[in-house]
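In: The following comprises the amino acid sequence and a computationally predicted model.
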Amino acid sequence: MDYERARAILDEEFEVALGAFRHRLNGIPEVPQEIARATDRLMQSSTQAYREALIGCALARLVDPEIDIQKPTTTLGEDSFSGRGVDERVVNPFLQRHEIPSSRGPYLSALRRGVELKLPVPQGQRDVDGFEALVKLVEALKEANETTARTYLRHLLCGFLRLREDAQISLVRVQHLDLNQYRQLLNRLLATPSGGRIPMIVAIATFQAIQAYFELDWEIEWQDINAPDIARNTGGDLTVTRDGEIILSVEVTERTIDAERVRATFRTKISPLAINDYIFFFTAAKPDEGAMRLARQYFAQGHHIAFLALEDWSINILGTLGPEGRRHFSRSVLEILDRNDVPREVKVAWNQILEAVVIGSY
């Protein structure tokens, strides 16, 4: 069993599953109805060992089609494999790393003592229906070609992502980071796909750090990332007000800023609300020349429209505010991440990146 190959396949298919799960409108990978029903039953089982073992079986099928994945113990013959080896070296570390609820090991609990994944249900299995669902899925994987087996694995991983959405993610907290570590943290966070949520969190937390450090009488309001602009009737993704008057409005975007984008924003937000100061924070490509030219024309009419790279702006602000201001920033990020409406994917990304930055600095 090539564990490195198994690890690579699992990471690769997880990224595909994560993309499908993130954009649910595109649909979870489609599988036959009986496979979907069996997977749902497996996910509902109180015996975590079954669904965790299935990941290892899928990987064994993809790594070596000659393996009989119904025999997850090497004592069962030459075509068997070590299910415990796959779990301990690939599957369980993967589940732990991505903070997906998991057991201490399927082959140390329900599937110990050389259980074959076949019917009739062996004695000692508490969840008979769950074991039968496992067998059905193992049999389907055994007969599937590589493309179909990968689709089944992606569908299964989407089920694990649903489990993670229902779980409580404990956020990693670090007391002290230096400015260089904050730079690394922001760089990695803003490079992480999040549907625009991470850039918004960074922008909100930076404004809140400014407000707290200087004890400003600001009110900082922001909209949910998925709220349609027409329904908002607000100046931007984030708006800073004082005594009910808009000081500035901010739009945080990962998309290209062109002249049409600026023109539409002016007509629907800046002009109707008489906003004097409007900032476009971008995370990727700089605004094109048409956008810059139109902003200069609006400036001549008395409207200040600026374009700022979010990462550069945030790190410069954090450098200016010093250690106390940076602590305000970290506190604000954690308060936002702790909200129930923040996807677990974003929380896990924070934990992984923060740990990597701290460990990589020593």
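Out: Nice, I can see it.
In: what about the helices in the chain?
Out: With DSSP state H, the ranges of helices along the chain come out as 3-22, 33-44, 48-63, 83-86, 92-97, 128-143, 146-165, 179-190, 197-214, 229-232, 259-265, 289-300, 310-337, 344-360.
In: Redo those helices as a markdown table? Include mean neighbour count and mean pLDDT.
Out: Yep, even glycine has a C-beta here, placed from its N, CA and C like the rest. Below are those laid out as a markdown table (neighbours: other C-beta atoms under 10 Å; pLDDT from 0 to 100):
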| stretch | mean neighbour count | mean pLDDT |
| --- | --- | --- |
| helix 3-22 | 17 | 92 |
| helix 33-44 | 17 | 93 |
| helix 48-63 | 25 | 95 |
| helix 83-86 | 22 | 94 |
| helix 92-97 | 16 | 93 |
| helix 128-143 | 19 | 95 |
| helix 146-165 | 19 | 93 |
| helix 179-190 | 18 | 95 |
| helix 197-214 | 21 | 96 |
| helix 229-232 | 11 | 45 |
| helix 259-265 | 17 | 94 |
| helix 289-300 | 14 | 94 |
| helix 310-337 | 18 | 95 |
| helix 344-360 | 17 | 90 |
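In: Need the contact partners of stretch 83-99.
Out: Outside stretch 83-99, the residues within contact range by C-beta atoms under 8 Å, 6 or more residues apart in numbering are 1, 3, 6-7, 10-11, 14, 52-53, 55-57, 59-60, 72-73, 101-102, 105-108, 111, 160, 164, 167, 169, 344, 347-348, 351-352.
In: how far does that stretch stretch from start to finish?
Out: 21 Å (C-alpha to C-alpha, to the nearest Å).
In: how's the protein carved up into domains?
Out: By the assignment in automatic domain parsing, the chain contains the domains 3-165, 179-360.
In: how long is the shortest one from one end to the other?
Out: The reference is to domain 3-165. Counting by C-alpha to C-alpha, you get 28 Å between the two ends of domain 3-165.
In: same question, the last one
Out: Taking C-alpha to C-alpha, the first and last residues of domain 179-360 lie 14 Å apart.
In: want to throw the helices of the chain into TSV with distance to I246?
Out: Converted to TSV, these look like this (distance: least, C-beta to C-beta, whole Å):
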stretch	distance to I246
helix 3-22	33
helix 33-44	47
helix 48-63	51
helix 83-86	57
helix 92-97	44
helix 128-143	56
helix 146-165	36
helix 179-190	26
helix 197-214	14
helix 229-232	14
helix 259-265	14
helix 289-300	16
helix 310-337	19
helix 344-360	28
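In: Of these, which is nearest K118?
Out: helix 128-143 (6.2 Å; C-beta to C-beta).
In: was I right about I275 contacting T241?
Out: No. Between I275 and T241 there is no contact, the gap being 10.9 Å when judged by C-beta atoms under 8 Å.
In: one step back: who wins for proximity to R173 among the domains of the chain?
Out: Smallest distance to R173 across the domains of the chain (C-beta to C-beta): 6.5 Å, for domain 179-360.
In: quick check, distance from the closest one to the centre of its chain.
Out: 19 Å (C-alpha atoms, centre = their mean, to the nearest Å).
In: Stretch 37-52 now?
Out: 23 Å.
In: One more: stretch 154-161?
Out: Distance, centroid of stretch 154-161 to centroid of chain: 14 Å (C-alpha atoms, centre = their mean).
In: Stretch 133-147 now?
Out: The answer for stretch 133-147 is 28 Å, by C-alpha atoms, centre = their mean.
In: sorry, back to before: more neighbours, I275 and T241?
Out: I275 (21 against 16; other C-beta atoms under 10 Å).
In: any idea how far G235 is from that one?
Out: 5 Å (C-beta to C-beta, to the nearest Å).
In: so what sits against both of those two?
Out: With C-beta under 8 Å, 6+ apart, I275 and G235 have common neighbours I246, S249, K269.
In: is it true that the second one touches K269?
Out: Yes. In this structure S249 lies within contact range of K269 using C-beta under 8 Å: 7.0 Å.
In: These two: who's more crowded?
Out: Neighbour totals were compared for S249 and K269, and S249 leads with 23 against 20 (other C-beta under 10 Å).
In: contacting residues around the more buried one?
Out: 234-236, 238-240, 269-270, 273, 275, 277-279.
In: ok, D127 touching R51?
Out: No. Between D127 and R51 there is no contact under C-beta under 8 Å: 11.1 Å.
In: which residues are common contacts for the two?
Out: Contact criterion C-beta under 8 Å, 6+ apart; residues shared by D127 and R51: S45.
In: Find the residues that touch each one of S249 and K269.
Out: Shared contacts of S249 and K269, counting by C-beta under 8 Å, 6+ apart, come down to T234, G235, G236, I275, Y278.
In: How about the second one, nearest residue that isn't a chain neighbour?
Out: Pointing back at G235 there. For G235, ignoring the flanking residues on the chain, the nearest one in space by C-beta to C-beta, 6 or more residues apart in numbering is S249 at 3.3 Å.
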